[in-house]
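Peer 1: Could you look at this predicted model? Sequence included:
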Amino acid sequence: MDPPMLMQSNNRAKQLLRDDDSLLRQVFFNVLRHHHPNTANKVDVIYALSQAWCKSKDNGDFDLLEKYLDNLKPEECILVASAFSHMLNLHNLTEEVANTQTERAGRMGEVTLPTRSTNKSFINLTTQNGIAPEMVYKTLCSQTVELVFTAHPTQAFRQSLLKKYAKVRHYLDELHNKRMSPYEKIELLEAIRAQVQAAWRTDEIRRQKPTPQDEMRHGVSYFQQTIMDMVPIFYRRVDTALANIGQPRTPLTHRLFEFGSWMGGDRDGNPNVTATTTRDVVILARLEAVNAYFQAVETLMFDLSMWRCSPELKALATRLAARAIAADPNRIADERKKRNYADFWMPIATNEPFRVVLSHMRDRLWQTREVLHQCLINAQLSVRQALEDTDSYLDVQELFEPLHLMYTSLMSTGDESTANHKLLDVLRQVQTFGLSLMNLDIRQESTRHAEVMDALTRHLELGSYLSWPEEQRTSWLLQELSGRRPLFPPGMDLSPDEAEVVATFRTLAELPHDSLHSYIISMARTASDVLSVVLLMKECGMKEPLQVAPLFETLDDLNNAPHTMDTLLASEWYRNHIFERHGGVQECMIGEQACNQHFTSTAACLLATIRPADQVLSTNRMSVY
């Protein structure tokens, strides 16, 4: 990188940071002086004393600061600490804005950035590394990046503050990007002051312990505010980079990203995460996805007003219109008014085929949302069955296919610009997020499953499962997995912990399969740890069992992992199960405790063990947690 250009980039970022930091500090001090003039004076003195010591590093300056702080009253200490907390948060905002502005300047060619863009990476691969553009395209279209939101129930920042700070960040961005009249600038600065004042007057401390459902809503807020809108933009930039090396867009059926979550699914060591919690967070995530698609479809109904279309779309619109005409149009209009639709209440004529199809999709999305609301209220309802029994969306293909049909219709009639505008973005969102928004991983500690197995074998008078050697456990589990008899007799006594484990599996059986991803066994040590989970899934009615991922968390367990996987894959039943249910993929996870200097050799040994165990296992996945 050219050193003068890098220096220019750094100087630009530093100057922007200083200007924004000075602006927000001034705004905050004005707010503080308005509400607490005495505290503002003390904060000003502390700030000046701190700056003096930072510059001089003299012990005398530090002693002055320490003495001044010692003389503060307890109630003054609280206000002063809160003031500096807000100032640091506002400073973090200025850093984010400065980074954003620098990156934007880099994309515009005004400065050179130290990191490469996707466009430059593709060009370097083809021009400097000698890789054919077709190979870059093929490789890109054969991989998917999975991003997982792990569980952090102790998140301290309140949503009320995060949203206010996000608005301040947005206003600062506008201040740098928009040409504004003096009046508009005054209004924008007043909006910044309003948000800073509202943040200062908001209680920073949670007065109630957050639930896993609260944690999930916190995670979903990132999808609402950022991720769902940014994913289509990223796809567009990848498509532009591909066009620059002579390649087409990424296929509409391919996902560059998929999103997972542990929020509401990670019950290892967290008694607050129950079967009910998992059910709630799945419903909440699906509601968020449906709400987003509902708004997108209503927007498309205004955009796609054209009458020309492909014969396939015309046929679909004709069928849907005939179905609407057969019903009472006035009743349909009244019902749509009650639903508070934005427009298009009456059944739409076939001369607007796109709107006919979108109107039908809007009705189904509304129905899906209503069913999910009912499931959230009534814990006795099976979510999957409730969606199946109504005209609701359960399979994402039912949502994707008519949108894709509209896209291909627009392309076939020469309306490429319309096809590649909002409709393309919605298609990318549907393909990336599906109806589940993100796939939930379930995580439980291995001994909890063993305790349920022990209760079962004792009830069946087979002895204590916990006292059996590993060979006997594995043999019995495989025998039961191969058989057809039900194992759980009615009225079997279970402890509260054991009952909760069984309730979790029964709840999973009633949830839409696309909302779930893997069942992770923490502190996994042996093959029986995996087989017991597979058996519990079978006995609790899971027709589509989840991928079971053993999590090897200690170095001893990791060293023993090749033997564990050997034992599993030596079973013909388990090999067939992996091939038939999971496409020959066995997922393994490695805990951070095991990721030390021994990680590389042991992990390589584990992968080498999985590969030759059976030729059916054509691929494998390994995650590091």
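Peer 2: Great, that's in hand.

Peer 1: From D556, how far out is E204?
Peer 2: Remark: distance between E204 and D556 (C-beta to C-beta, to the nearest Å) = 44 Å. Yep, even glycine has a C-beta here, placed from its N, CA and C like the rest.

Peer 1: So between the two, which is more surrounded?
Peer 2: Taking E204 and D556 together and counting by other C-beta atoms under 10 Å, E204 has the greater number of neighbours (16 against 11).

Peer 1: Remind me which helix or strand that one belongs to.
Peer 2: Secondary structure from DSSP states H and E places E204 outside every helix and strand.

Peer 1: And for G260?
Peer 2: In the assignment (DSSP H and E), G260 maps to strand 257-261.

Peer 1: For whichever helix or strand comes after that strand, buried residues please.
Peer 2: As assigned by DSSP H and E, the chain's next helix or strand after strand 257-261 is helix 275-303. In terms of neighbour count (16 or more other C-beta atoms under 10 Å), helix 275-303 has its buried residues at 275-290, 292-294, 296-298, 300-301.

Peer 1: got it, and stretch 474-493?
Peer 2: So for stretch 474-493, counting by 16+ other C-beta under 10 Å, buried means 474, 476-478, 480-481, 487-488.

Peer 1: Going by distance to I520, which of the residues you listed wins?
Peer 2: Of all those, L477 has the smallest distance to I520: 18.7 Å, by C-beta to C-beta.

Peer 1: Now the closest one. Nearest residue, chain neighbours left out?
Peer 2: In space, and not counting its chain neighbours, L477 is closest to L531: 4.0 Å by C-beta to C-beta, 6 or more residues apart in numbering.

Peer 1: Can you verify my assumption that that neighbour contacts S475?
Peer 2: No. Taking contacts as C-beta atoms under 8 Å, L531 lies outside contact range of S475: 10.0 Å.

Peer 1: Give me the distance from stretch 576-583 to the chain's centre.
Peer 2: Distance of stretch 576-583 from the chain centroid (C-alpha atoms, centre = their mean, to the nearest Å) equals 27 Å.

Peer 1: Check which residues of that stretch are buried.
Peer 2: Buried positions in stretch 576-583, judged by neighbour count with 16+ other C-beta under 10 Å: 577-578, 582.

Peer 1: so where's the stretch 301-450 of the chain uncertain?
Peer 2: Scanning the stretch 301-450 of the chain for pLDDT under 70 picks out 326, 345.

Peer 1: show me where it has strands.
Peer 2: Along the stretch 301-450 of the chain, counting by DSSP state E, counting those that start in this stretch, strands occupy 439-445.

Peer 1: Make sure M180 is indeed in a strand.
Peer 2: No. Counting by DSSP: H, G, I helix; E, B strand; the rest coil, one finds M180 to be coil, located in no strand.

Peer 1: show me the contacts for it.
Peer 2: L188 (C-beta atoms under 8 Å, 6 or more residues apart in numbering).

Peer 1: Check the gap between it and R193 for me.
Peer 2: In this view, M180 and R193 are 16 Å apart by C-beta to C-beta.

Peer 1: what's the distance between G541 and P311?
Peer 2: Counting by C-beta to C-beta, the gap from G541 to P311 is 44 Å.

Peer 1: An error on my part: the question was meant for E95.
Peer 2: Distance of E95 to P311, given as C-beta to C-beta: 55 Å.

Peer 1: The two: who's more crowded?
Peer 2: The residue with more neighbours, out of E95 and P311, is E95; 14 against 9, by other C-beta under 10 Å.

Peer 1: Leaving aside the residues adjacent along the chain, what's closest to the more buried one?
Peer 2: Once flanking residues are discounted, E95 sits nearest to L17: 6.4 Å by C-beta to C-beta, 6+ apart.

Peer 1: Now that neighbour: which helix or strand?
Peer 2: Assigned by DSSP H and E, L17 falls within helix 3-35.

Peer 1: Let me know the next secondary structure element after that helix.
Peer 2: Scanning forward in sequence from helix 3-35 by DSSP H and E, the next helix or strand is helix 37-56.

Peer 1: Which neighbouring elements make contact with that next one?
Peer 2: helix 3-35, helix 59-70, helix 74-107 (3 or more C-beta pairs under 8 Å, 6 or more residues apart in numbering; DSSP states H and E).

Peer 1: Turn the ones you listed into CSV, including mean pLDDT.
Peer 2: Shown next, in CSV, are the helices and strands packed on helix 37-56 (pLDDT from 0 to 100):
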stretch, mean pLDDT
helix 3-35, 78
helix 59-70, 90
helix 74-107, 86
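
Peer 1: For the closest residue to A52 other than its chain neighbours, give me its contacts.
Peer 2: Leaving aside its sequence neighbours, A52 sits nearest to D61 (C-beta to C-beta, 6+ apart; 4.9 Å). Going by C-beta under 8 Å, 6+ apart, D61 touches 49, 52-53.

Peer 1: again, only using 10 Å
Peer 2: Contact analysis of D61 by C-beta atoms under 10 Å, 6 or more residues apart in numbering lists 49-55.

Peer 1: about what we covered before: okay, and which of the buried residues of stretch 576-583 map to strands?
Peer 2: Of those, none are assigned to strands by DSSP state E.

Peer 1: Could you export the one helix or strand A166 maps to as PDB, CA atoms only?
Peer 2: Element membership for A166, per DSSP H and E: helix 159-177. The C-alpha trace of helix 159-177 is given here as PDB (Å, rounded to 0.1, in the frame of the first residue of the first chain):
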ATOM      1  CA  GLN A 159     -32.400  -1.900  24.300                       C
ATOM      2  CA  SER A 160     -33.700   1.600  25.100                       C
ATOM      3  CA  LEU A 161     -30.100   3.000  25.200                       C
ATOM      4  CA  LEU A 162     -28.900   1.000  22.200                       C
ATOM      5  CA  LYS A 163     -31.700   2.300  20.000                       C
ATOM      6  CA  LYS A 164     -31.000   5.900  21.100                       C
ATOM      7  CA  TYR A 165     -27.300   5.500  20.400                       C
ATOM      8  CA  ALA A 166     -28.100   4.000  17.000                       C
ATOM      9  CA  LYS A 167     -30.100   7.100  16.100                       C
ATOM     10  CA  VAL A 168     -27.200   9.300  17.100                       C
ATOM     11  CA  ARG A 169     -24.900   7.300  14.900                       C
ATOM     12  CA  HIS A 170     -27.300   7.600  12.000                       C
ATOM     13  CA  TYR A 171     -27.600  11.400  12.500                       C
ATOM     14  CA  LEU A 172     -23.800  11.800  12.600                       C
ATOM     15  CA  ASP A 173     -23.600   9.800   9.400                       C
ATOM     16  CA  GLU A 174     -26.100  12.000   7.700                       C
ATOM     17  CA  LEU A 175     -24.200  15.100   8.900                       C
ATOM     18  CA  HIS A 176     -21.200  13.900   6.900                       C
ATOM     19  CA  ASN A 177     -23.000  12.400   3.800                       C
END
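
Peer 1: Good, wrapping up.
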